[in-house]
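> give the three-dimensional model of this entry:
(chains A and B)
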2 protein chains.
Amino acid sequence: MNKTGRLYGLGVGPGDPELLTVKALRILRAAPVVAYLSAKAKKSNALSIVESYLDPRQIMMPLIYPVTTEKLAPPQCYETIIADFYDAAANEIARHLDVGTDVAVLCEGDPFFYGSFMYLHDRLSTRYPTDVVPGVCSIVASSAALSAPLVYRNQTLTVLSGVSPEEDLEARLAQADAAAIMKLGSNFEKVRRVLVKLGLADRALYVERATMAAQRIVPFAEIDPASVPYFSMILVPGARWQG
Amino acid sequence: MNKTGRLYGLGVGPGDPELLTVKALRILRAAPVVAYLSAKAKKSNALSIVESYLDPRQIMMPLIYPVTTEKLAPPQCYETIIADFYDAAANEIARHLDVGTDVAVLCEGDPFFYGSFMYLHDRLSTRYPTDVVPGVCSIVASSAALSAPLVYRNQTLTVLSGVSPEEDLEARLAQADAAAIMKLGSNFEKVRRVLVKLGLADRALYVERATMAAQRIVPFAEIDPASVPYFSMILVPGARWQG
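Predicted structure coming up:
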């Protein structure tokens, strides 16, 4: 039986191409096939990050989501459509692995930290040798961009999705020593309401597209909710410990 | 007035020298002075990680903790001793910055994620131009080492220190979708008791020194508490979402 190819989940970091690790760069450059997930008619962020490192001889494999956040008319169901899509994407990758070709899947930030690679990993890693190269995740990138130490000593860090229901956000943030809130976009007003209610607005810091060329830092009180992109982050750093 | 030097907090990642970022490597190689915090009579982990990248012409600046975890006889006080130590370390770094020399401080993992660099940053960043280069933190490194996707979709991640009191750990873990518990060492038995009580032991994964040469993965039920080092991690991954 022929040897199969190896599947790589490559964390390419938060945005700055220099924040790839030495390991991810080595594997990326050696990969005959480079796959990436992407929304329809949008350029993949992960691809933009690594573009300058690629060689024209590498095979590019865009995996285009059939739906993203638009409303679907019944009987269409987001969960079914997306599961079918990941099945098909995994099969497309498997065709290369089956003939002994390695495939590197690009993952913004870290592959296992809210990454879509997890759905490919769960479908393929039991059948093919698989390596995951961890990456710099958006939380620490945001903390560095904001010059804001995030968690001191024995503090607890709570990482939340802005998609969560308001009462859930409130309950969790009320208990948090330090917090990071991801996936803002249209959820921003809800998140801000909770932070104001809990008296945390003065500690909250905001950054868009941390470490990317378009990085933007805005004082929390001055943010126009309509302008908030998905790739934005609120940090509530832990209380300073003097050391 | 002469230009001062620039202070860099360099995240050097979790252990594998290849998990430095391209940016951290570039700044490290160009730094005339390389500082690192270290326990007495122990080799610095951060230094070990970057050793192969250093040039003998670079000035090494070890900053040796006067105390670590030993019991102190009164009137000695850990908080005072350690604050005085960080003051002195900051002054030692400042002497180079004052004469226009850049100083890179090595930080295991990420500088602002439970990193001791934070105490130097808080003392120096208002007086000198300071850049923080984010790094791959131990949580995502452990998740990759364990081949365990950590947080799916809109799950909450709770990052805890094993030093926390048992009832606090229990309250927070009872609410967590996914969790990472750091700083185990002598706290391991307490943490395991909580996980067993909450019915989470079956989901718990354990790794020591993730991505280092001495990395060790042990099934959670088989761990000898006496063998657990400080650089170990328990992950409780979020429930799998099929995507």
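
> show me the domain layout of chain A.
A:7-136, A:139-236 (automatic domain parsing).

> need those in TSV (columns: distance to chain B and mean neighbour count).
From N, CA and C alone the C-beta is placed, and that goes for glycine too. Converted to TSV, the domains of chain A look like this (distance: least, CB to the nearest CB, whole Å; neighbours: other CB atoms under 10 Å in any protein chain shown):
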stretch	distance to chain B	mean neighbour count
domain A:7-136	3	19
domain A:139-236	4	19
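
> in which helix or strand would I find the closest residue to A:Val12 other than its chain neighbours?
Leaving aside its chain neighbours, A:Val12 sits nearest to A:Ile49 (4.8 Å; criterion: CB to CB, 6 or more residues apart in numbering or on different chains). Assigned by DSSP states H and E, A:Ile49 falls within helix A:45-50.

> which elements pack onto that helix?
strand A:33-38, strand A:103-107 (3 or more CB pairs under 8 Å, 6 or more residues apart in numbering or on different chains; DSSP states H and E).

> how about a cut-off of 10 Å?
Packing partners of helix A:45-50 (3 or more CB pairs under 10 Å, 6 or more residues apart in numbering or on different chains; DSSP states H and E): strand A:7-11, helix A:22-30, strand A:33-38, strand A:103-107.

> export the ones you listed to JSON lines and tack on distance to B:Pro111 and mean pLDDT?
Below are the helices and strands packed on helix A:45-50 laid out as JSON lines (distance: least, CB to CB, whole Å; pLDDT from 0 to 100):
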{"stretch": "strand A:7-11", "distance to B:Pro111": "18", "mean pLDDT": "98"}
{"stretch": "helix A:22-30", "distance to B:Pro111": "18", "mean pLDDT": "98"}
{"stretch": "strand A:33-38", "distance to B:Pro111": "29", "mean pLDDT": "97"}
{"stretch": "strand A:103-107", "distance to B:Pro111": "23", "mean pLDDT": "98"}
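
> got the ones you listed as TSV, with distance to A:Ala214 columns?
What follows is those, written out as TSV (distance: least, CB to CB, whole Å):
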stretch	distance to A:Ala214
strand A:7-11	21
helix A:22-30	22
strand A:33-38	18
strand A:103-107	19
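
> looking at these, which is nearest to B:Glu92?
When these are ranked by proximity to B:Glu92, the top entry is helix A:22-30, at 29.7 Å, counting by CB to CB.

> what inclination does that closest one have with respect to strand A:103-107?
Orientation check (axes from the mean of the first three to the mean of the last three CA atoms, to 10 degrees): helix A:22-30 against strand A:103-107 gives 130 degrees.

> what packs against the longest helix seen in chain A?
Across chain A, the longest stretch assigned as helix under DSSP state H is helix A:78-98. Helix A:78-98 is packed against strand A:7-11, strand A:33-38, strand A:59-64, strand A:103-107, helix A:117-124, with contacts defined by 3+ CB pairs under 10 Å, 6+ apart.

> closest to B:Glu108 out of these?
Nearest of those (CB to CB): strand A:7-11, 17.8 Å.

> parallel or antiparallel, which strands does that closest one pair with?
Paired neighbours of strand A:7-11 in the sheet (DSSP bridges): strand A:103-107 (parallel), strand A:130-133 (parallel).

> distance between it and the chain's centre?
Offset of strand A:7-11 from its chain centre (CA atoms, centre = their mean, to the nearest Å): 14 Å.

> what of stretch A:180-200?
Its chain's average C-alpha position is 19 Å from that of stretch A:180-200, according to CA atoms, centre = their mean.

> now it: mean pLDDT?
Across stretch A:180-200, the average pLDDT comes to 97.

> next: stretch A:88-96.
Stretch A:88-96 shows a mean pLDDT of 98.

> show me what it is in contact with.
Contact with stretch A:88-96 is made by A:4-5, A:7, A:32-33, A:35, A:37, A:59, A:61, A:63-66, A:97-98, A:101-103, A:105, A:116, A:119-124, A:127-128, B:243, as judged by CB atoms under 10 Å, 6 or more residues apart in numbering or on different chains.

> can you rerun that using 7 Å?
Residues outside stretch A:88-96 that contact it (CB atoms under 7 Å, 6 or more residues apart in numbering or on different chains): A:5, A:7, A:33, A:35, A:61, A:63, A:103, A:120, A:123-124.

> could I get these in a markdown table, plus columns for distance to A:Val196?
Output for the contacts of stretch A:88-96, formatted as a markdown table (distance: CB to CB, whole Å):
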| residue | distance to A:Val196 |
| --- | --- |
| A:Gly5 | 52 |
| A:Leu7 | 45 |
| A:Val33 | 48 |
| A:Ala35 | 42 |
| A:Met61 | 45 |
| A:Leu63 | 40 |
| A:Val103 | 46 |
| A:Leu120 | 39 |
| A:Arg123 | 42 |
| A:Leu124 | 44 |
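
> quick check, nearest of those residues to A:Val159?
With CB to CB as the yardstick, the closest approach to A:Val159 among the contacts of stretch A:88-96 comes from A:Leu120, at 22.3 Å.

> look up the closest residue to A:Phe113, ignoring the ones flanking it.
Nearest-residue entry for A:Phe113: A:Cys137, 4.8 Å, with adjacent residues in sequence omitted and distances by CB to CB, 6+ apart.

> and for the one you found, the neighbour number?
Neighbours of A:Cys137 under the rule other CB atoms under 10 Å in any protein chain shown: 28.

> that one contacts A:Pro111, doesn't it?
No. Using CB atoms under 7 Å, A:Cys137 makes no contact with A:Pro111, being 10.0 Å away.

> so A:Lys42: helix, strand or coil?
Of the three states, A:Lys42 takes coil under DSSP: H, G, I helix; E, B strand; the rest coil.

> distance of it relative to B:Asp84?
54 Å (CB to CB, to the nearest Å).

> if I've got this straight, A:Ala171 is in a helix?
Yes. Counting by three-state DSSP, A:Ala171 is found in a helix.

> am I right that A:Ala214 is in a helix?
No. Assessed by three-state DSSP, A:Ala214 does not belong to a helix; its assignment is coil.

> from A:Ile234, how far off is the closest residue to it other than its chain neighbours?
Excluding its sequence neighbours, the residue lying closest to A:Ala214 (CB to CB, 6+ apart) is A:Glu208, at 7.4 Å. Remark: distance between A:Glu208 and A:Ile234 (CB to CB) = 11 Å.

> got it, and A:Thr21?
Distance, A:Thr21 to A:Ile234, using CB to CB: 26 Å.

> repeat that for A:Asp168.
With distances taken as CB to CB, A:Asp168 is found 16 Å from A:Ile234.

> go on, A:Val194?
A:Val194 is 10 Å from A:Ile234, by CB to CB.

> hang on, isn't A:Glu108 packed against A:Gly9?
No. Look at A:Glu108 against A:Gly9 with CB under 7 Å: they stay out of range, at 11.5 Å.

> below-threshold pLDDT in chain A: ranges please.
Counting by pLDDT under 70, chain A shows low-confidence ranges at A:1, A:68-71.

> kindly recompute the last result at 80.
Applying pLDDT under 80 to chain A picks out residues A:1-2, A:68-76, A:242-243.

> quick check: beta-bridge partners of A:Ser161?
Beta bridges link A:Ser161 to A:Met182 when assigned by DSSP bridges.

> contacting residues for it?
A:182-183, B:154.
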